[in-house]
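> Here's a sequence, model it:
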Amino acid sequence: MMRQTTEPTKSDNPIVFFSYEESDIEEPSKIKWTREEYYRLSDLGFFNGKRVELIEGEIFVKYTYSEFDEGEYEMSAMSSLHYAGVNVAAEVLREVFKKKFFVAVQCPINVGEDSEPEPDIAVIEGKVRDFKNAIPKTAALVVEISDSSLFFDQTRKASLYARANIQDYWIVDVRNHRLEIYRRPIKDKTMFYGFGYAERLIFNEKDTVSPLAKPDAKIKVADLLP
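Here you go, the predicted model:
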């Protein structure tokens, strides 16, 4: 609703101002990209070799977490700590998942028409050649190595993976030397994409953990850290 206000003036013709009630102001709508449109943009060279991910129709460049209050992210190259973290964790998981699975490093997974994240590590059931015509739609385990992206991994990524029904999601927090494990996806209106995890467990370097897909395996958290 628009209301009219009149400002007092010496003129016979008063100046009329219009103001909008707060409820009338709508945030401009965003253009959301589909996976097919995302592929076309890539083919046209829009990303110029940058590492990008499609999440709920939004295209995110790999970033360094900036001001949370401002909601800003700035692009940066991969740090040596992140590089080491990805490769150390992948090496450990390849030893655990030798049969019936393969470990993909920074490869996309198709979790919906408008989302194609590239987790640092994804443990996929089957053989690599099984996916020569289509990328995986799920994973037995997803792992993000958090150097400077902890909040993003705990919120947007967690909600996205929960919505995709990823049962086992790990965040290797290389700066705080700990592992966060998220399990039991549930609907959660407070999360970015309407889903979250009912279970969040935090382990330190001295702890030992087991993936859901390999419950007999014992992994030292210290071995996952660079």
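> Next, the contact list for the nearest residue to residue 89 once chain neighbours are set aside, please.
Excluding the flanking residues, the one nearest residue 89 by C-beta to C-beta, 6 or more residues apart in numbering is residue 224, at 4.8 Å. No exception for glycine: its C-beta is placed from N, CA and C like everyone else's. Taking C-beta atoms under 8 Å, 6 or more residues apart in numbering as the definition of contact, the neighbours of residue 224 are 88, 89, 92, 172, 179.
> cool, residue 84 as well?
residue 226.
> that's a strand at it, yeah?
No: Residue 84 is assigned helix when assessed by DSSP: H, G, I helix; E, B strand; the rest coil, not a strand.
> Compare the contacts of residue 224 and tell me which has the most neighbours.
residue 89 (26 neighbours; other C-beta atoms under 10 Å).
> Please give the element, helix or strand, for that one.
Element membership of residue 89, judged by DSSP states H and E, is helix 80-96.
> cool, residue 39 as well?
Element membership for residue 39, per DSSP H and E: helix 35-43.
> for that helix, which positions count as buried?
35, 38 (16 or more other C-beta atoms under 10 Å).
> The chain should start at 7 in everything you say after this.
Understood, numbering begins at 7; the last thing we discussed is helix 41-49.
> Following element in sequence after that helix, please.
Assigned by DSSP H and E, the successor of helix 41-49 is strand 58-61.
> And that next one, what does it pack against?
Judged by 3 or more C-beta pairs under 8 Å, 6 or more residues apart in numbering; DSSP states H and E, the packing partners of strand 58-61 are helix 41-49, strand 64-67.
> Give the partner strands of the last one in its sheet and their orientations.
Yep, that's strand 64-67 we're talking about. Strand pairing for strand 64-67, determined by DSSP bridges: strand 58-61 (antiparallel).
> what's the very next helix or strand once past the helix holding residue 95 in contact with?
Counting by DSSP H and E, the next helix or strand C-terminal to helix 86-102 is strand 107-111. With contact meaning C-beta under 8 Å, 6+ apart, strand 107-111 is reached by 92-93, 96, 99-100, 103, 126-134, 142, 146, 219.
> And the helices in the chain, which stretches?
For the chain, the helices defined by DSSP state H occupy 41-49, 86-102, 156-158, 164-169, 227-230.
> mind checking which of these is nearest residue 201?
For the helices of the chain, proximity to residue 201 was assessed by C-beta to C-beta; helix 164-169 is nearest, at 3.9 Å.
> which residues are contacting the closest one?
In contact with helix 164-169 (C-beta under 8 Å, 6+ apart) are residues 61-62, 117-118, 121, 123, 148, 175, 188, 191-192, 194, 197-203.
> Can you select the buried ones from these in ChimeraX?
Per 16+ other C-beta under 10 Å, the buried members of those correspond to this ChimeraX selection:
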select :61,62,117,118,121,123,148,175,188,191,194,197,198,199,201,202,203
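> Just the ones of the contacts of helix 164-169 in strands?
Residues of those located in strands (DSSP state E): 61, 148, 175, 188, 191, 192, 201, 202, 203.
> could you measure the fourth one against residue 132, distance?
Counting by C-beta to C-beta, to the nearest Å, the gap between residue 188 and residue 132 amounts to 23 Å.
> Pull the number of nearby residues for residue 114.
Residues near residue 114, counting by other C-beta under 10 Å, number 18.
> CA atoms of stretch 93-108 as CSV?
Output of stretch 93-108 as CSV, limited to C-alpha atoms (Å, rounded to 0.1, in the frame of the first residue of the first chain):
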residue,chain,number,x,y,z
ASN,A,93,45.5,-34.6,-0.8
VAL,A,94,46.2,-36.0,2.7
ALA,A,95,42.5,-36.8,3.4
ALA,A,96,42.1,-38.3,-0.1
GLU,A,97,45.1,-40.5,0.4
VAL,A,98,43.7,-41.9,3.7
LEU,A,99,40.2,-42.5,2.2
ARG,A,100,41.6,-44.3,-0.8
GLU,A,101,43.1,-46.8,1.6
VAL,A,102,39.8,-47.3,3.4
PHE,A,103,37.7,-47.5,0.2
LYS,A,104,39.7,-49.8,-1.9
LYS,A,105,36.8,-52.0,-3.2
LYS,A,106,33.4,-51.1,-4.6
PHE,A,107,34.1,-47.4,-4.3
PHE,A,108,36.3,-44.7,-5.8
